[in-house]
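[1] Sequence first, then the predicted structure, then my questions.
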Amino acid sequence: MTTTQLAQHHHIDAILSYAEDDLRTGTLPGELIGRSWKRCIQQYGLDPSRPRSARIVTHQTLREHQDSVDEFLNVARAGVEQLYGMVAQLGYVLLLTDHRGITVQYLGNKHSDRRLRQAGLYLGADWSEQYAGTCAVGTCIEEHEALTCHRVDHFDATHIELTCTSAPIRDPSGKLLAVLDISALDSPHARHSQTFALNLTQLYARMIEDAYFLRRYRNQVIFRCDASREFVQVNGQYLFAIDEQGRVEASNTAGRDLIADTPFDAGQDGKPALTQLFECQLEDIWSIPFDQDDQVRAFRHQGSGATFFAALVQPCNARSRKTDEESPDTREAVPELDALAADDPVMRRTLGLARRLRNRDVGLLILGETGTGKEVLARAIHDSSHRSKRGFVAVNCAAIPESLIESELFGYVSGAFTGARAKGMRGLIQQADGGTLFLDEIGDMPLQLQTRLLRVLSEGEILPIGADAPVRINCRVIAATHQNLEELIRTGEFRADLYYRLNGATLRLPPLRQRADRQYVIQSVLNKLVSDGGLPDIRLRADAMSAMLAYRWPGNIRQLVNALAFAEATSEGAEITASDLPEECVEGQGSPITLEDSLAESKSPLEEALQECHWNISRVARRFGVSRPTVYRWMSRQGIELPRFLGKAEAPGSQD
Ligand SMILES: Nc1ncnc2c1ncn2[C@@H]1O[C@H](COP(=O)(O)OP(=O)(O)OP(=O)(O)O)[C@@H](O)[C@H]1O
């Protein structure tokens, strides 16, 4: 008996004992292969001790199978040839089968023609599991999964020297359309030698599937997106064919998986709209210019919050869709607001709202961590509104001592109280008459003043301290806070009626570390620094930019401004390098922030800053650009206590 025959005998014994749950010889097959062996015996009645020769269908039958996938074969040709070009030298042949396992396309080496044909590695070969037993193609069809069927994984003993790797190709409805397979007659014994084959086959199966998807939906707009901005145009993973309402008509496998991972209320037809998959409006989608390399927009996924970059693929018959001229992208430019962001989903929504509401007198509430640019946004809204000719008055409710807030805001008449100025004083609210009053840190406003402010807002008049007649006031109020006002309402520290009056619309500013347009923000802060300071041009070297992109920025844009000012001052040449940046900004280098990181973040920016500054309150205050008492007030709000060993070292009033 030859070694091959002996190996075949052992294999037959192993399969039979496995089927009877009594494996004594051979190694246990993987779960997927084991299931297939059992199917072969119990469902298809195959007998491992009676090996079968390869079945090659007749020419006529082959033509019928090929005709049924004709359009697909045309699309697949280039991909199939490319893949074969890569693996032919390694001894592989390539098979493309239809969903029934009949080989409708084949590329192989003419020199081994006879052996290959004998083994069934040939055009027209039937690789269905029902006929050929466990094999890569047949088992892939049954299990809907890519796999390698390596040597003794095969059911039929005549195949135990083959190694075969297959990946499924699905049609746009998700049904199996074809199987891509690369196989070799002689292979190394170790299974892991085929890991590369599996990855490569899966990659090409996906490319062919996507090419077919694009072909089938060539007359529709395709929304193509990817987690990487750079790859979206060349190899965007997720494809959605959409109609004019942004509803998804069909998607590729990755797209279907993404839909499955998104919680949404399915309509009658069960098809989601892109606005249910991503945090966006329909107009955001139609504002992406077609097929322009640099026109990619960022969207946040509704389910995971992950950022995806998207481009639109123009339909071949462009008549059925909106033209660029009709798209809302032609909306009026508002330079003051447009300058604040490049391409971030949250910013786009915020600026869209700001743009629409800038000339309405509804109250606006800006929410965002400290230093995210709340005041800058409020000022941009004012500057772009019809109130821009009148004053913008900013009041930091946390910075004015409680005892002075009332007189600062409302003003007083002469002789109103001891220590008052002889001529009295116009309050800040009055100074904002005709313009905009920006109330920063509104959560810090004492309750009793909240009542008076509410009256100003509802009645449009103020009563300065000591005055007996009210003064009419017409100002727009924009409030901001980094606190959770709803929580303050729950604990009785903030009036609900004032909250509703201020909150005609909420504008959210994302922390810098979560912004998809961080690079733009960094560059524009540097540009502003240079132009405001009349400095010579200075560029950021790539290492500095990557360090800054990787850093968490607990103090957000304010900290960025400080860091760049520091780097500019310490740099020696006409460029800023990573070593010019403050030490803490370089720590994050090499570990860019992932979305998971930011979601998993449990520490507040204040806590982070305290730890990074070794609980030195003065340093933390400098980092956030606030006073030390403010840092202490934030700490007590957030229930953060100094570590015990430092408890008495630095009291709120002490210097360091
Ligand atoms: N888009 C921007 N471009 C350049 N600089 C900016 C931008 N946004 C904010 N800044 C700068 O960042 C710093 C902080 O901005 P701002 O005061 O508006 O933040 P904030 O959220 O109101 O802070 P806080 O909550 O502490 O009051 C300022 O120095 C501001 O000039």
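    Yep, that arrived. Just so you know, these numbers come straight off a predicted model, no measurement behind them. Numbers count the residues shown, from 1 in each chain.
[2] hang on, Cys475 packs against Phe438?
    No: using C-beta atoms under 8 Å, Cys475 makes no contact with Phe438, being 10.0 Å away. The C-beta positions use only the backbone N, C-alpha and C, and glycine is treated the same way.
[3] got the domain boundaries for the chain?
    The chain breaks down into these domains under automatic domain parsing: 59-214, 217-322, 338-508, 516-646.
[4] Which of these sits closest to Ala14?
    Closest of the domains of the chain to Ala14 is domain 59-214, at 7.3 Å (criterion: C-beta to C-beta).
[5] Could I get the average pLDDT for that closest one?
    Domain 59-214 carries an average pLDDT of 91.
[6] same question, stretch 2-15
    83.
[7] Could you check how far the one residue in the chain that gets nearest to the ligand is from Thr491?
    For the chain and the ligand, the shortest gap (C-beta to the nearest ligand atom) falls at Gly373, measuring 2.9 Å. Between Gly373 and Thr491 the distance, using C-beta to C-beta, to the nearest Å, works out to 28 Å.
[8] of those two, who's got more company?
    When neighbours are counted by other C-beta atoms under 10 Å, Gly373 and Thr491 differ, and Gly373 comes out ahead with 21 against 7.
[9] what's near enough to touch the more buried one?
    Taking C-beta atoms under 8 Å, 6 or more residues apart in numbering, we find Gly373 in contact with 340, 509, 556-557.
[10] and the ligand, which of those reach it?
    Contacts with the ligand within the contacts of Gly373, as defined by C-beta under 6 Å from any ligand atom: 340, 557.
[11] And the furthest pair within the contacts of Gly373?
    Leu340 and Asn556 (13.3 Å).
[12] more neighbours, the two?
    Neighbour totals were compared for Leu340 and Asn556, and Asn556 leads with 26 against 20 (other C-beta under 10 Å).
[13] tell me the pLDDT at that one?
    Asn556 is given a pLDDT of 94.
[14] just the one 3 residues further on next, same as before
    Reading off the confidence values, Gln559 has pLDDT 93.
[15] got the residue ranges for the strands in the stretch 401-550 of the chain?
    411-412, 425-426, 436-440, 461-462, 471-472, 476-481, 505-508, 539-540 (DSSP state E, counting those that start in this stretch).
[16] Output those strands as CSV; include the columns mean pLDDT.
    Shown next, in CSV, are the strands of the stretch 401-550 of the chain (pLDDT from 0 to 100):
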stretch, mean pLDDT
strand 411-412, 86
strand 425-426, 86
strand 436-440, 94
strand 461-462, 86
strand 471-472, 89
strand 476-481, 94
strand 505-508, 93
strand 539-540, 88
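[17] In contact with Ser49, which residues are there?
    So Ser49 contacts 12, 16 (C-beta under 8 Å, 6+ apart).
[18] Kindly confirm my reading that Val631 forms part of a helix.
    Yes: counting by DSSP: H, G, I helix; E, B strand; the rest coil, Val631 is part of a helix.
[19] tell me the secondary structure for the residue lying closest to it once chain neighbours are set aside?
    Residue nearest to Val631 in three dimensions, not counting chain neighbours: Ala621, with 4.9 Å by C-beta to C-beta, 6 or more residues apart in numbering. Here Ala621 is helix, with the state taken from three-state DSSP.
[20] Surely Ala621 and Trp634 touch.
    No: Ala621 is beyond contact range of Trp634, at 9.9 Å (criterion: C-beta under 8 Å).
[21] neighbours of Asn74, just the number please.
    Number of residues near Asn74 (other C-beta under 10 Å) recorded here: 11.
[22] any idea how far it lies from Leu83?
    In terms of C-beta to C-beta, Asn74 sits 16 Å off from Leu83.
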